[in-house]
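Undergrad: A structural model of the following input is requested.
(chains A and B)
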Protein chains: 2
Amino acid sequence: MSRVAILGAGVMGSALSVPLTRNGHDVRLVGTHLDRQIIDSIKNRGAHPGLDAPLPEAVKAFQLEEAGEAFAGADFVLSGVNSFGVRWAGEQLAQLLPDHALVIAIAKGLAAEEDGELRILPEVLTDAWSEPKRARHPVAAITGPSIAGEVAAARDTCVVFAGRDQAVLDRLAATFRTDTYRVWTSTDLIGCEVCAALKNCYALGVGLAEGVLEAQVGSESPDRMHNYEAALFAQGAAEMRRIVSLLGGDPETVGWLPGVGDMYVTSTGGRNVRVGRLLGTGLHFAEASAKLGDPTLEGAAAITEIGGAIPKLAHRDLMRVEDFPLLRHLYDVIERDQPVAMPWSAFFGGEPDVSLARRDVA
Amino acid sequence: MSRVAILGAGVMGSALSVPLTRNGHDVRLVGTHLDRQIIDSIKNRGAHPGLDAPLPEAVKAFQLEEAGEAFAGADFVLSGVNSFGVRWAGEQLAQLLPDHALVIAIAKGLAAEEDGELRILPEVLTDAWSEPKRARHPVAAITGPSIAGEVAAARDTCVVFAGRDQAVLDRLAATFRTDTYRVWTSTDLIGCEVCAALKNCYALGVGLAEGVLEAQVGSESPDRMHNYEAALFAQGAAEMRRIVSLLGGDPETVGWLPGVGDMYVTSTGGRNVRVGRLLGTGLHFAEASAKLGDPTLEGAAAITEIGGAIPKLAHRDLMRVEDFPLLRHLYDVIERDQPVAMPWSAFFGGEPDVSLARRDVA
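TA: Below is the predicted model:
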């Protein structure tokens, strides 16, 4: 039995207490300053307001000011905050992390520097750490398709723990793995993290389809535009493969759970898809986001961050803007309030020119 | 303007008359012996019973006995029959094909020989042709995500015309391509065709998830098992990549429209998914198929054909059975009436062993 401290009581951080307690670990769930009511609810009723089933009784909940007690003697630390809280979490962990704890994180995104350089979040998490602390705690990441509510309900889930040290990954995997929460490992940390960020972008794109159809037929329709969705899914997979390569990851990572698997699950529902639908009907991003109650939208944030970095990287001859027509269009829609006008002909390396084709074989 | 003869008045063969007539071609739609009522309906009311919108008035419909008239002088021939009718269509075309016509086909599947050899359907289509006829008419294929009803409604659709001769593909693409029916080309005919067959198998697999959940909770549920579906989608993509390579195709073909794009569209709805759901609830294949009115199920047929071939190919040292745990399990469920018991631990090269991992780093 190990002691596991979770920082962040959002749905995913909290859901992961289910496989952990099932394995008999001593699980301490610490809320951020935003999670005060969630922690109260768990302390008082054993229930997380965002999850259907009660949390296991063995889970101990802590408010942020009790974090020191929660983290004391922890063997494993899960950073359960999303991409917006990574820097904050890093600062907290700089103080809280026990000397021998292994760290794994769930945030999905990439952080762009001024010059367009894109950094993976497990690195951003350690920005506030001393060099020895960084060396002692190589941060791993949970990637692959997992909806929190299904993890909490112990429904079959297959994920990938990614990191640079195989022995660390093996220990983490053995700690979390159950007969329904199944864990593979990958040392392609960059590839897995880039996929995790990008799948949110492209899932938001897939969501446009329903909105575009609504705008065409003038009302909500029982119909779908599956062909449109699938073409965006495929173009997303192709762009993902290219970015992963350019950023130093393994393009093969796109082909399984961290890439197309996670993009599949994110494209079939969730907030990114819902905001995409509203954008497809013609709303500007600010209106669409407000209509959904201004939720945290990791997909939109990643589009802004990565879409804004691409021209800078292209300017430095590190990328070609024309290789990412879908991501760039999503950027134009979200950041520049452009109407949706899918650049189909630019997809998949460019649709062959009709007149040219006719002339060639005349 | 060209003359285009379509053999087979199913929904896809008929839907393709929409982009073709939009391009001003003279389109002749010929029903098979199974399509008599469809052709009557088009002749009398201009409507295909399986499509929502009427067909363009310019489409000329023919019963099979009028095929000679329809095919006379055709520049292009579309084989619109599904995988079950390919041999029959090949025999018809052996008689009907004008000397200079280019041929493209839509059937999705693979045909297994006695020794397990798997053949793509554009080759099977030409079995009844003379050698000179085969040389004159290299058969191309339409692959990628396209639901017929959406093609008929001129909704945005991105497909890939696959074949061995780029000049032929360019002429075919220029004939079909419109501003909503967008055509890319690929000379990886094997890869595209193997993907087209396999995506039906894995989409049926994805469908299991809903049924398994129903069986667990005892009724239809508004919930989904997205994590389960996504893991199957990812394992399907991984197995697809391996089979494409083994059969001589380009594994990169899996990464865009013909592979993950088409698998996405097929996994989000349709008959293969529906029969998968029923199998997931515990029905045997014969019961599930009967419950759906015994439709033609290309996915189930492909599972039987390919799943049955794998051990034969493994016996000849051309494959390893353990590389295809999902396809093999689908075969056991459909062909051997085995209950669904997903072999998760065999996925993705095998889940690392827990006890081993613990010992390694102890």
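Undergrad: And the strands in the stretch 1-150 of chain A, which stretches?
TA: A:3-7, A:26-30, A:60-62, A:76-79, A:102-105, A:110-112, A:118-120, A:140-143 (DSSP state E, counting those that start in this stretch).
Undergrad: Throw those into TSV and include mean pLDDT, thanks.
TA: What follows is these, written out as TSV (pLDDT from 0 to 100):
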stretch	mean pLDDT
strand A:3-7	98
strand A:26-30	98
strand A:60-62	98
strand A:76-79	98
strand A:102-105	98
strand A:110-112	96
strand A:118-120	97
strand A:140-143	98
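Undergrad: okay if I get those strands as TSV plus mean neighbour count and distance to chain B?
TA: In short, each C-beta sits where N, CA and C put it, glycine included. Listed next are the strands of the stretch 1-150 of chain A as TSV, based on neighbours: other C-beta atoms under 10 Å in any protein chain shown; distance: least, C-beta to the nearest C-beta, whole Å:
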stretch	mean neighbour count	distance to chain B
strand A:3-7	27	16
strand A:26-30	25	18
strand A:60-62	22	25
strand A:76-79	26	13
strand A:102-105	25	10
strand A:110-112	21	21
strand A:118-120	21	21
strand A:140-143	26	11
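Undergrad: how about those strands, which one is nearest A:Gly50?
TA: Nearest to A:Gly50 among the strands of the stretch 1-150 of chain A is strand A:26-30; the distance by C-beta to C-beta comes to 13.0 Å.
Undergrad: in its sheet, what does the closest one sit against?
TA: strand A:3-7 (parallel), strand A:60-62 (parallel) (DSSP bridges).
Undergrad: Tell me which of the ones you listed approaches A:Thr143 most closely.
TA: Checking the strands paired with strand A:26-30 against A:Thr143 by C-beta to C-beta gives strand A:3-7 as the closest, at 17.5 Å.
Undergrad: Contact partners for the residue most central in space within chain A?
TA: In chain A, the centroid-proximal residue (C-alpha atoms, centre = their mean) is A:Lys108; its distance is 2.9 Å. Residues in contact with A:Lys108 (C-beta atoms under 8 Å, 6 or more residues apart in numbering or on different chains) are A:Asn82, A:Ser83, A:Leu121, A:Thr143, A:Glu193, A:Ala196, A:Ala197, A:Lys199, A:Asn200, A:Glu298, A:Ala302.
Undergrad: Give me the pLDDT for it.
TA: A:Lys108 carries a pLDDT value of 92.
Undergrad: Quick one: the helices in the stretch 101-250 of chain A, in order.
TA: Under the criterion DSSP state H, counting those that start in this stretch, the stretch 101-250 of chain A contains helices at A:121-124, A:131-136, A:148-152, A:166-176, A:189-217, A:226-246.
Undergrad: hmm, I was thinking of the stretch 251-362 of chain A
TA: Listed in chain order, the helices of the stretch 251-362 of chain A (DSSP H, counting those that start in this stretch) span A:262-267, A:271-281, A:285-291, A:298-315, A:325-335, A:354-360.
Undergrad: taking those together, which one is wrapped up most tightly?
TA: helix A:262-267 (a mean of 29; mean count of other C-beta atoms under 10 Å in any protein chain shown).
Undergrad: ok, back up a step: now the helices of the stretch 101-250 of chain A in JSON lines, please, with extra columns for distance to chain B and mean neighbour count.
TA: Compiled in JSON lines, the helices of the stretch 101-250 of chain A are given as follows (distance: least, C-beta to the nearest C-beta, whole Å; neighbours: other C-beta atoms under 10 Å in any protein chain shown):
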{"stretch": "helix A:121-124", "distance to chain B": "20", "mean neighbour count": "22"}
{"stretch": "helix A:131-136", "distance to chain B": "16", "mean neighbour count": "12"}
{"stretch": "helix A:148-152", "distance to chain B": "5", "mean neighbour count": "22"}
{"stretch": "helix A:166-176", "distance to chain B": "4", "mean neighbour count": "21"}
{"stretch": "helix A:189-217", "distance to chain B": "8", "mean neighbour count": "26"}
{"stretch": "helix A:226-246", "distance to chain B": "3", "mean neighbour count": "25"}
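Undergrad: Distance to B:Arg182 and mean pLDDT for the ones you listed - can I get that in JSON lines?
TA: Converted to JSON lines, those look like this (distance: least, C-beta to C-beta, whole Å; pLDDT from 0 to 100):
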{"stretch": "helix A:121-124", "distance to B:Arg182": "36", "mean pLDDT": "97"}
{"stretch": "helix A:131-136", "distance to B:Arg182": "48", "mean pLDDT": "96"}
{"stretch": "helix A:148-152", "distance to B:Arg182": "36", "mean pLDDT": "96"}
{"stretch": "helix A:166-176", "distance to B:Arg182": "42", "mean pLDDT": "97"}
{"stretch": "helix A:189-217", "distance to B:Arg182": "15", "mean pLDDT": "95"}
{"stretch": "helix A:226-246", "distance to B:Arg182": "8", "mean pLDDT": "97"}
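Undergrad: could I get the ones you listed as CSV with distance to A:Gly31?
TA: Compiled in CSV, the helices of the stretch 101-250 of chain A are given as follows (distance: least, C-beta to C-beta, whole Å):
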stretch, distance to A:Gly31
helix A:121-124, 20
helix A:131-136, 24
helix A:148-152, 16
helix A:166-176, 21
helix A:189-217, 24
helix A:226-246, 33
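Undergrad: B:Gln166: which of those is closest?
TA: With C-beta to C-beta as the criterion, B:Gln166 lies closest to helix A:226-246 of these, at 20.4 Å.
Undergrad: how about the strands of the stretch 1-150 of chain A, which one is nearest A:Val212?
TA: Using C-beta to C-beta, the nearest of the strands of the stretch 1-150 of chain A to A:Val212 is strand A:110-112, at 27.1 Å.
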